[in-house]
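J.: show me how the following folds:
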Amino acid sequence: MMRNLKLEIEYDGTDFCGWQIQPEVRTVQAEMEKALLQLTNEIIRVTAAGRTDSGVHATGQVINFKTASHLPDHVFRAALNSMLPRDIRVVSAVEVDEEFSARFSARSRTYRYYIINKPVAIGRQYTWYFGEKLNLSLMQEACRIIIDSHDFQSFCQVGADVDHYLCNVSDASWRQENDNLLFEITANRFLHNMVRILVGTLVKIGKESITLPQFQAIINAKDRTVAGPTAPPQGLFLTRVMY
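T.: From the prediction side, this is the model:
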């Protein structure tokens, strides 16, 4: 009888070419499936809640997979952690019903993006150094504009394979944490590079080179070319998936 296991994992994306398996490059999915093969002697394909890009991190990624193994849940967690590279950890493992899908059962996902305003030697792979002064109040006002259901085509990588561009953003905000600016956003779904393009555009608002009415016009345009740049990947974390 096949079991369906749900794992919460974290990983440092610095040395990965993203989540999804690709030929001849190191990916998180490939490392997970290699460890599962070693543990169960089964060829297992895992499903993730979100496919993070190269250099992007996760503290709350969720995956699931089907297995014939009878190993207890806690053994899966301990055994996988002994086999996985040090930049991936299994936080929890639990058996779930057979209909559960890490991707399709998710109600919302939360991402965080960190910007630091001074150069650092330690932790630079987890934040975007941006030395210019930003108007946090304007950036916060812009967040109120994106809350609700919108067409986010202007904030999606051109050529992305999607059926539609509608996303329902339930929360979005900026806050100051010591030397960091932290952007947090929760939505039912995200488009390819959506958070990073939003951050790049919101930073332009913070620099006061885009006004709030212009930001609304960018949303309405449904055109990637009118939005801001794509922020670097290292500041982005997938932090929570809700079911």
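J.: C-alpha from now on. contacts and neighbour counts both.
T.: OK.
J.: I'd like the domain boundaries of the chain, if you could list them.
T.: Residue ranges for each domain of the chain read 3-96, 108-242, as given by automatic domain parsing.
J.: pretty sure Ala35 sits in a helix.
T.: Yes. Counting by DSSP: H, G, I helix; E, B strand; the rest coil, Ala35 is located in a helix.
J.: and it, how many neighbours?
T.: Neighbour count for Ala35, taken as other Cα atoms under 10 Å: 20.
J.: now swap in Leu39 and tell me
T.: The number of residues packed around Leu39, counting by other Cα under 10 Å, is 15.
J.: how about Ser105?
T.: Other residues within reach of Ser105, judged by other Cα under 10 Å, total 13.
J.: my read is that Arg107 contacts Thr186, right?
T.: No. Using Cα atoms under 8 Å, Arg107 is not in contact with Thr186, being 10.1 Å away.
J.: the two - which one has more neighbours?
T.: Thr186 (22 against 12).
J.: quick one, what contacts the more buried one?
T.: The contact partners of Thr186, by Cα atoms under 8 Å, 6 or more residues apart in numbering, come to 108-111, 169-172.
J.: recalculate using a threshold of 10 Å.
T.: Contact partners of Thr186, counting by Cα atoms under 10 Å, 6 or more residues apart in numbering, are 108-112, 147, 168-173, 239-242.
J.: strands of the protein, start to end?
T.: Secondary structure of the chain, counting by DSSP state E: strands at 3-11, 47-48, 57-67, 88-96, 108-116, 128-129, 148-151, 166-177, 180-187, 236-242.
J.: can you pull the alpha-carbon coordinates of the last one into CSV?
T.: Provided in CSV are the C-alpha atoms of strand 236-242 (Å, rounded to 0.1, in the frame of the first residue of the first chain):
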residue,chain,number,x,y,z
LEU,A,236,14.2,36.0,-1.3
PHE,A,237,12.9,33.3,1.0
LEU,A,238,9.9,31.1,0.8
THR,A,239,8.9,31.1,4.5
ARG,A,240,5.4,29.6,4.9
VAL,A,241,2.8,27.5,3.1
MET,A,242,-0.7,27.2,4.5
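J.: and it with strand 3-11, angle?
T.: Here strand 236-242 runs at an angle of 150 degrees relative to strand 3-11 (axes from the mean of the first three to the mean of the last three Cα atoms, to 10 degrees).
J.: list the buried residues for strand 236-242?
T.: Along strand 236-242, these residues count as buried under the neighbour rule (16 or more other Cα atoms under 10 Å): 236-241.
J.: mind putting those in CSV, pLDDT included?
T.: Output for the buried residues of strand 236-242, formatted as CSV (pLDDT from 0 to 100):
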residue, pLDDT
Leu236, 98
Phe237, 98
Leu238, 98
Thr239, 98
Arg240, 98
Val241, 98
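J.: in CSV: the residues you listed, plus distance to Ile21.
T.: Formatted as CSV, the buried residues of strand 236-242 follow (distance: Cα to Cα, whole Å):
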residue, distance to Ile21
Leu236, 20
Phe237, 19
Leu238, 18
Thr239, 21
Arg240, 22
Val241, 21
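J.: related to what we said a few turns ago, JSON lines for the domains of the chain, including distance to Ala102?
T.: Below are the domains of the chain laid out as JSON lines (distance: least, Cα to Cα, whole Å):
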{"stretch": "domain 3-96", "distance to Ala102": "5"}
{"stretch": "domain 108-242", "distance to Ala102": "9"}
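J.: ok so, going back, which of the contacts of Thr186 lies closest to Glu208?
T.: Closest to Glu208 out of the contacts of Thr186 is Ser173 (17.7 Å), distances taken as Cα to Cα.
J.: the closest one and Leu138 touch, don't they?
T.: No. In this structure Ser173 lies outside contact range of Leu138 using Cα atoms under 10 Å: 11.2 Å.
J.: surely Gly228 is in contact with Lys207?
T.: No. Under the criterion of Cα under 10 Å, Gly228 is not in contact with Lys207, lying 11.8 Å apart.
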